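In: Give me coordinates for this.
(one chain, ligands or ions: 2)
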Amino acid sequence: MTQSVLDQMPLLSMTAMDKPAFAMAFGASFQQFGFAMIGDHGMDPALIERGWMLTRQFFAMPDAAKSRYDARANGGQRGYTAFGREIAKDARENDLKEFWHVGRDLPAGDPLGRTMPPNIWPDELPGFRPIFTQLFAEFDRVGAELLSAIALYLGLEAGWFDGAIRNGNSILRLLHYPPVSPQAPGIRAGAHEDINLITLLLGAEEGGLELKDRDGNWLPVVPPPGALVINVGDMLQRLTNHVLPSTSHRVVNPPPDRRGYPRYSMPFFLHLRPDFIIDALPQCVSENNPRRDPPISANAYLTERLMEIGLIEK
Ligand SMILES: O=C(O)CCC(=O)C(=O)O
Ligand SMILES: [Fe+2]
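Out: Numbering: from 1, shown residues only. Ligands and ions are numbered 1, 2, ... in the order given. Take a look at the predicted model:
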């Protein structure tokens, strides 16, 4: 039988340990798995529940209504992406999912607005804007706390990431994987690595998420209800010269008894400022681990990667 990651990866607590102890435990989980799980992340469960309700209501709308908010008119990063459009890098089959993107709203006239367009919102659901604006802010807050712990783990100042992520190009993705038929081929989301610094994911308790461990085995990640799953993305891997690995993950089709159920999840892709230059930290470069990648701006790197996964035109 496949072993679950739960057997190996600790469920961490942000409140039971002091900050340095949490930073060490969190960093160790990242270094070993590229993933970590946190039970008491401090986001309001009532707010999250309202977010799930609105997510279900939005995806239950007819395709014609959802398509009015097509993300292709917004650089792929705001609004609705239809079922079957996204394809994992180098994959043969498209993913079995549709999703909605909420981004950061900048003040009018901000120069970063060129790469971060304003949000769009579904007229049909008046609660959508206030609830997801609040949830975005909560993910932003918890994400900054987690990066502060990672900074300590790496031997940096606790506030090292603050400037790097201020007005970062982060994205909250609401994901819907519809029920799959008994004959459905393939998997719900093909193996991939996330592009951003770290991802904070809610909803993985409806199983299917798997990570690839360092020996090449796929291990199920099934957290307790309400817990956050966090993983390292390619930008943090690049910044840490691969000391923290961006781990491949995928979402497999459910076992026969769960195939009739949809799956909803909510990843928050925490991004750097578009003009931040990603260059390996000196602390992470050594004789045994020479510098691997040249410096690149966060925006140039993101654009390259969004083309690869079909979210913006080449
Ligand atoms: O739905 C999930 O559990 C994971 C989603 C994911 O990996 C992604 O959208 O990048
Ligand atoms: Fe992912």
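
In: where does the helix or strand encompassing residue 152 sit relative to the chain's centre, distance-wise?
Out: In this assignment (DSSP states H and E), residue 152 forms part of helix 128-153. Averaging C-alpha positions (CA atoms, centre = their mean, to the nearest Å) puts helix 128-153 12 Å from its chain's average.

In: Just name whatever secondary elements that helix is in contact with.
Out: In terms of contacts (3 or more CB pairs under 8 Å, 6 or more residues apart in numbering; DSSP states H and E), helix 128-153 is packed against helix 19-33, helix 45-59, strand 98-102, helix 162-165, strand 171-177, strand 198-202, strand 263-270. (Glycine included, C-beta is placed from N, CA and C.)

In: residue ranges with poor pLDDT in the chain?
Out: Scanning the chain for pLDDT under 70 picks out 1-7, 185-186, 311-314.

In: Can you tell me who residue 201 pairs with across the strands?
Out: Beta bridges link residue 201 to residue 229, residue 267, judged by DSSP bridges.

In: ugh, wrong one, residue 101
Out: On the basis of DSSP bridges, residue 101 is bridged to residue 79, residue 173.

In: Contacts only, for the residue of the chain most remote from its centre.
Out: For the chain, the residue at maximal distance from the C-alpha centroid (CA atoms, centre = their mean) is residue 287, at 32.2 Å. With contact set as CB atoms under 8 Å, 6 or more residues apart in numbering, residue 287 has no partners.

In: give me the element it is part of.
Out: Per DSSP H and E, there is no helix or strand for residue 287.

In: And residue 218, how far from residue 93?
Out: Distance, residue 218 to residue 93, by CB to CB, to the nearest Å: 17 Å.

In: Just want to know which of those two has more residues nearby.
Out: The residue with more neighbours, out of residue 218 and residue 93, is residue 218; 16 against 12, by other CB atoms under 10 Å.

In: Backbone dihedrals for that one, please?
Out: phi -90, psi 120 (degrees, to the nearest 10).

In: ditto for the one 5 residues further on
Out: Comment: the main-chain dihedrals of residue 223 come out as phi -80, psi 160, following degrees, to the nearest 10.

In: Give the bridge partners for the residue nearest to it when sequence neighbours are not counted, please.
Out: Take residue 223 and drop its neighbours on the chain: the residue closest to it by CB to CB, 6 or more residues apart in numbering is residue 37, 4.9 Å away. Beta-bridge pairing of residue 37 under DSSP bridges involves residue 11, residue 229.

In: Residue 37 against residue 12, yeah?
Out: Yes: at 6.5 Å, residue 37 counts as touching residue 12 under the criterion of CB atoms under 8 Å.

In: Return every residue with contacts to both of those two.
Out: Jointly contacting residue 37 and residue 12 under the rule CB under 8 Å, 6+ apart are residue 29.

In: Same question for stretch 50-68: list its buried residues.
Out: Neighbour counts over stretch 50-68 (16 or more other CB atoms under 10 Å) mark 50-51, 54-55, 58-59, 61, 66 as buried.

In: tally of neighbours for whichever residue of the chain sits closest to ligand 1?
Out: Distances between the chain and ligand 1 by CB to the nearest ligand atom are smallest at residue 265, namely 3.5 Å. By the measure other CB under 10 Å, the count of residues near residue 265 is 25.

In: All set now, cheers.
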